[in-house]
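1. pasting a predicted model and its sequence here:
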Amino acid sequence: MTVENIRLLRDDEDYFELDHNYYAMLRACKHISKSFWMQDIPLNKYPAREYSTCDQCNTDYEVQLFVHPSNGRISVVMTRWINLGAGLSPDDCRWKINAGCTWGESELWTLDLGKGYTDWSPRRTFEALTNTSLGDLTARNLSYLENERYQTEMVSVSRLPPSWALWNGAAKPL
């Protein structure tokens, strides 16, 4: 499964206001979160691209920063690749290791997946099975920001912070 989360700086944001505590936090998995002080992004305090894998659940993730040429707004994009197994049973170890939201010690060893589970990449597996590159996926998702198209084509899932969601290329109710 591939999931992409996008956090967009507000257009009225004063990036350099010293007493402003505006940050984005994106979860890569239940073990790793990435925080960004949004006012530091225009100052180039974060890498434009970062890629890593969680040692505990083998989730691959990539974080990218974008400046939109049409309006100069900045967005943080986190893409995650997760192997949920065949999906035939909730007892599948690959499903269990990614299920739930509890922070804690590694489940790799308690679920009998062993070290071999972390030797392969969910990202490489997904990209080998699909014709959609990361660049194409991200470009398509960022295109929803143009003219605030996400508000008409996606489902609102939260008011604080305002959030919209899209599944399989079409809006679906929760």
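-> Alright, I've got the coordinates. Numbers count the residues shown, from 1 in each chain.

2. tell me what Arg7 is bridged to.
-> Val76 (DSSP bridges).

3. renumber starting at 895 from here on
-> Done: numbering now begins at 895, and the last item shifts to Arg901.

4. name all residues that make contact with it.
-> Ala918, Leu920, Phe930, Met932, Ser969, Val970 (Cβ atoms under 8 Å, 6 or more residues apart in numbering). Heads up, the C-betas are built off the backbone N, CA and C, glycines and all.

5. hmm, 10 Å instead?
-> Residues near Arg901 by Cβ atoms under 10 Å, 6 or more residues apart in numbering: 917-920, 930, 932, 968-972, 1055, 1057.

6. and what of Glu1021?
-> Residues in contact with Glu1021 (Cβ under 10 Å, 6+ apart) are Thr896, Trp975, Ser1015, Ser1027, Leu1028.

7. what about it, which SS state?
-> Secondary structure, DSSP: H, G, I helix; E, B strand; the rest coil: Glu1021 is helix.

8. hang on, Arg1034 is in a strand, isn't it?
-> No: Arg1034 is assigned helix when assessed by three-state DSSP, not a strand.

9. what distance do you get for it to Tyr1044?
-> Going from Arg1034 to Tyr1044 by Cβ to Cβ, to the nearest Å gives 12 Å.

10. so between the two, which is more surrounded?
-> The residue with more neighbours, out of Arg1034 and Tyr1044 and counting by other Cβ atoms under 10 Å, is Tyr1044; that gives 22 against 13.

11. the chain: strands as residue ranges?
-> Defined through DSSP state E, the strands belonging to the chain, from first to last, are 896-902, 917-921, 927-931, 943-947, 954-961, 968-975, 1049-1053, 1056-1059.

12. right, so those: which one is the most enclosed?
-> strand 968-975 (a mean of 21; mean count of other Cβ atoms under 10 Å).

13. which members of the contacts of Arg901 are the farthest-apart pair?
-> Using Cβ to Cβ, the pair of those lying farthest apart is Ile968 and Ser1057, separated by 17.7 Å.

14. ok so, going back, can you redo the strands of the chain as CSV with mean pLDDT?
-> Supplementary listing: these in CSV, determined by pLDDT from 0 to 100:
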stretch, mean pLDDT
strand 896-902, 86
strand 917-921, 80
strand 927-931, 82
strand 943-947, 90
strand 954-961, 89
strand 968-975, 89
strand 1049-1053, 80
strand 1056-1059, 81
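
15. distance to Leu1023 added to those, as CSV?
-> Rendered in CSV, the data for the strands of the chain read as follows (distance: least, Cβ to Cβ, whole Å):
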stretch, distance to Leu1023
strand 896-902, 11
strand 917-921, 24
strand 927-931, 26
strand 943-947, 18
strand 954-961, 14
strand 968-975, 11
strand 1049-1053, 27
strand 1056-1059, 23
